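Q: got a structure for you, letters missing:
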């Protein structure tokens, strides 16, 4: 038989000062529910924050199950999934028609034009996509980068 909790009993609560689930003394109850507690570790008083229950992972519903639950009887609409192109494949496409030996070195004060090659000391060879307001967007094999320039 479970004992009913009353003022003065000990409960587990998330302490706002200690940032941990600790023993607290009940100092106020409303309609049988614990509402205010005092931390037995640091002495702070705060609203009761009970221990959070572990959430169970959600299982994805199958299309057949979701079709049965639909009120119209038709399968729910979903967005067409377009496979995202990786940065490496985009880089390979862009660099194919260009000669890597003609790549100009990167400089923060340099001026660059779209569809030209850039040699960066850390990222390697990249293709300039755009240049505006002191920044240049370049596609490298490892991904897109926004670099400072003299544009």
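A: On my side now, so go ahead. Just so it is clear, the structure is predicted and the values come from calculations on it, not from any experiment.
Q: Beta-bridge partners for the residue nearest to residue 15 when sequence neighbours are not counted, please?
A: Of all residues not flanking residue 15 in the chain, residue 39 sits nearest, at 4.7 Å (CB to CB, 6 or more residues apart in numbering). Yep, even glycine has a C-beta here, placed from its N, CA and C like the rest. When bridges are called by DSSP bridges, residue 39 pairs up with residue 24.
Q: how about residue 47, what does it touch?
A: 35, 36, 37 (CB atoms under 8 Å, 6 or more residues apart in numbering).
Q: Out of those, which end up buried?
A: Neighbour-count burial (16 or more other CB atoms under 10 Å) applied to these gives 36, 37.
Q: Mind checking which of the contacts of residue 47 are in strands?
A: 35, 36, 37 (DSSP state E).
Q: The biggest helix by length in the chain: how far from the chain's middle?
A: The longest helix of the chain (DSSP state H) is helix 87-95. Relative to its parent chain, helix 87-95 has a centroid offset of 26 Å by CA atoms, centre = their mean, to the nearest Å.
Q: close enough to count as contact, residue 27 and residue 35?
A: No: with contact defined as CB atoms under 8 Å, residue 27 does not reach residue 35; the gap is 9.0 Å.
Q: the domain parsing of the protein - what is it?
A: 10-47, 87-148 (automatic domain parsing).
Q: check contacts around residue 44.
A: 15, 16, 17, 18, 38.
Q: now do 7 Å
A: Residue 44 makes contacts with 15, 16, 17, as judged by CB atoms under 7 Å, 6 or more residues apart in numbering.
Q: Listing request: residues of this structure with sub-threshold pLDDT.
A: 1, 54, 59-76, 78-84 (pLDDT under 70).
Q: just the strands in it please.
A: 10-14, 21-30, 33-39, 45-47, 104-105, 117-120, 124-132, 135-140, 143-148.
Q: Give me whichever of those strands is most buried.
A: Highest mean neighbour count of the strands of the chain: strand 135-140, a mean of 20 (counted as mean count of other CB atoms under 10 Å).
Q: Setting the sequence-adjacent residues aside, check what's closest to residue 41.
A: residue 22 (5.2 Å).
Q: tell me the contacts of the one you found?
A: Applying CB under 7 Å, 6+ apart, the residues contacting residue 22 are 15, 39, 40, 41.
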